[in-house]
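S.K.: Structure for the following, please:
(2 chains)
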Protein chains: 2
Amino acid sequence: MRRHVEQHFTGSDTVRDVVIGMSDGLTVPFALAAGLTGAIASSGIIVTAGLAEIAAGSIAMGLGGYLAARSDAEHYASELKREELEIVEKPAAERQEIADVFASYGLSAAESAPVVEALASRPNQWRDFMMRFELGLEKPDPRRSVRSALTIAVSYIVGGFVPLASYIVTSDAELALKVSIAVTLTALIIFGYVKGRFTGAHPLKSALQTAAIGSIAAGAAFGIARLIG
Amino acid sequence: MRRHVEQHFTGSDTVRDVVIGMSDGLTVPFALAAGLTGAIASSGIIVTAGLAEIAAGSIAMGLGGYLAARSDAEHYASELKREELEIVEKPAAERQEIADVFASYGLSAAESAPVVEALASRPNQWRDFMMRFELGLEKPDPRRSVRSALTIAVSYIVGGFVPLASYIVTSDAELALKVSIAVTLTALIIFGYVKGRFTGAHPLKSALQTAAIGSIAAGAAFGIARLIG
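M.R.: Numbers count the residues shown, from 1 in each chain, chains lettered A, B, ... in the order given. As a prediction, this is how the structure comes out:
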């Protein structure tokens, strides 16, 4: 049963939300600040831009996550109502749909008939079976939307302050960039490693990939800002 | 069957990727530019910061999407292999797992027995059934990772140039901000409306929500930048 525990853990919504928020929170403000250092010598404007970005990014992602979770819940509720109605109004068609699910796995009508009959006599389980196996919808957690929004936003803010801290401490942008690169790459490697452990990916590979994304994004931002700045 | 078509459309990966990229692409560069206008009078630095942000955001989200799709595919492949192995090595336990799936819908062992037998005689369908119904995993499209990365990144870039265009055209940041607000709010409303049509949400509600997120993010970024800038 170990696999099932892992499976469940892999899909943990909170871990997923932390990963969503922190991946971008560590990367985008890091790259923006690095990019601006290519064009501007003073830390002041970089800190202003970085904090504005953290505010914008955390709100956009947090509220985006909130609305996504809300609309998942609404979609599930409306499909549930429709499924309940159809079971009452078109039971023959719905029975056929159970058989169709099994037919797609090569089962004959005769082979699936006992399960069709058993489900047809239990309306609630029938409805739940159709939701999951016909429509592929999982019942969403009703408290998820607010928690998801906050988890994503806070993770973005926490992540965003890691690359920005050095620019806040010193007004020498060049020096701040060097410290920011060292600190953020370390954070990206640790974050990628932990993320790999949680999601079942190879931790070292995940660490390197996460650091690579941050480096490429920062390099591109730096190059573009230097080109036009 | 209309429902199934809609259902499929709702889940369209490309639409999802466009929505992911463009939601943040329209919002974050808009809010960053608006925020910087609260602290800086000249468009030049705002354009530099905006372009650096677009580069950073599109790369972070695009590569993030690429790795997510890749790791989904790897996870699916490794679970598929494990399921195939278990069917050969522990057929009794796997048969019990089929019965367990049905037991969670209130079916007795006797009622699910014919389906258990039928699946047990078809190893490939048995494996596919377990992947979907025990583990809840959908077979990922192998070409998805690269396409997903490009769709997200291009959508972010297209979205990001909408709020930034006015700052590129005029050096008067205050004027550019006013034009940017008008253009971007219009774009957010249209994008939210179209998104609502595609995802099955109420289009007008989706339009207002999308515009609200952009406005709140931009307002927060503006406030923070003015406070410290």
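S.K.: all helices for chain A, in order.
M.R.: For chain A, the helices identified by DSSP state H occupy A:2-10, A:13-37, A:43-89, A:91-103, A:109-120, A:123-129, A:144-169, A:173-199, A:203-228, in order along the chain.
S.K.: so does the longest one get close to chain B?
M.R.: Yes - in terms of C-beta under 8 Å from any C-beta of the partner chain, part of helix A:43-89 sits within range of chain B, namely A:44-45, A:47-49, A:51-53, A:55-57, A:59-61, A:63-64, A:67, A:71, A:74-75, A:82. Using the backbone N, CA and C atoms, a C-beta is placed for each residue, glycine as well.
S.K.: One more: the shortest one?
M.R.: Yes - contact between helix A:123-129 and chain B, assessed by C-beta under 8 Å from any C-beta, occurs at A:125, A:128-129.
S.K.: From the geometric centre of chain A, which residue sits farthest away?
M.R.: residue A:110 (42.5 Å; C-alpha atoms, centre = their mean).
S.K.: Can you tell me which of the helices of chain A is packed in deepest?
M.R.: Among the helices of chain A, helix A:13-37 has the highest mean neighbour count (mean count of other C-beta atoms under 10 Å in any protein chain shown), at a mean of 26.
S.K.: and it, what other elements does it pack with?
M.R.: helix A:43-89, helix A:144-169, helix A:173-199, helix A:203-228, helix B:43-89 (3 or more C-beta pairs under 8 Å, 6 or more residues apart in numbering or on different chains; DSSP states H and E).
S.K.: wait, which of the ones you listed is closest to residue B:26?
M.R.: Nearest to residue B:26, of all the helices and strands packed on helix A:13-37, is helix A:43-89, at 9.1 Å by C-beta to C-beta.
S.K.: Residue A:19: what's it in contact with?
M.R.: A:155, A:195, A:198-199 (C-beta atoms under 8 Å, 6 or more residues apart in numbering or on different chains).
S.K.: no, scratch that, I was asking about residue A:76
M.R.: Taking C-beta under 8 Å, 6+ apart as the test, what residue A:76 contacts is A:131, A:137, A:139-140.
S.K.: Name the spans of chain A whose pLDDT lies under the cut-off.
M.R.: A:1-11, A:229 (pLDDT under 70).
S.K.: Go through the residues of helix A:123-129 next to chain B and name the one nearest chain B.
M.R.: residue A:125 (4.3 Å; C-beta to the nearest C-beta).
S.K.: now the residues of helix A:123-129 next to chain B in JSON lines, with distance to residue B:117?
M.R.: Shown next, in JSON lines, are the residues of helix A:123-129 next to chain B (distance: C-beta to C-beta, whole Å):
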{"residue": "A:125", "distance to residue B:117": "21"}
{"residue": "A:128", "distance to residue B:117": "24"}
{"residue": "A:129", "distance to residue B:117": "19"}
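S.K.: and the gap between the closest residue to residue A:120 other than its chain neighbours and chain B?
M.R.: Spatial nearest neighbour of residue A:120, excluding adjacent residues (C-beta to C-beta, 6 or more residues apart in numbering or on different chains): residue A:95 at 5.6 Å. The gap separating residue A:95 from chain B is 15 Å, by C-beta to the nearest C-beta, to the nearest Å.
S.K.: And residue A:109, by the same measure?
M.R.: 11 Å.
S.K.: Just confirm that residue contacts residue A:99, I think it does.
M.R.: Yes - counting by C-beta atoms under 8 Å, residue A:109 sits close enough to residue A:99 to count as a contact (5.5 Å).
S.K.: Kindly list the main-chain dihedrals of residue A:171?
M.R.: phi -90, psi -10 (degrees, to the nearest 10).
S.K.: residue contacts, the residue nearest to it when sequence neighbours are not counted?
M.R.: Using C-beta to C-beta, 6+ apart and skipping the chain neighbours, the partner closest in space to residue A:171 is residue A:43 (4.7 Å). Applying C-beta under 8 Å, 6+ apart to residue A:43 gives the contacts A:167-168, A:170-173, A:176.
S.K.: Residue A:139 - nearest residue in space that isn't next to it in sequence?
M.R.: residue A:76 (6.5 Å).
S.K.: ugh, wrong one, I meant residue A:49
M.R.: residue B:49 (4.8 Å).
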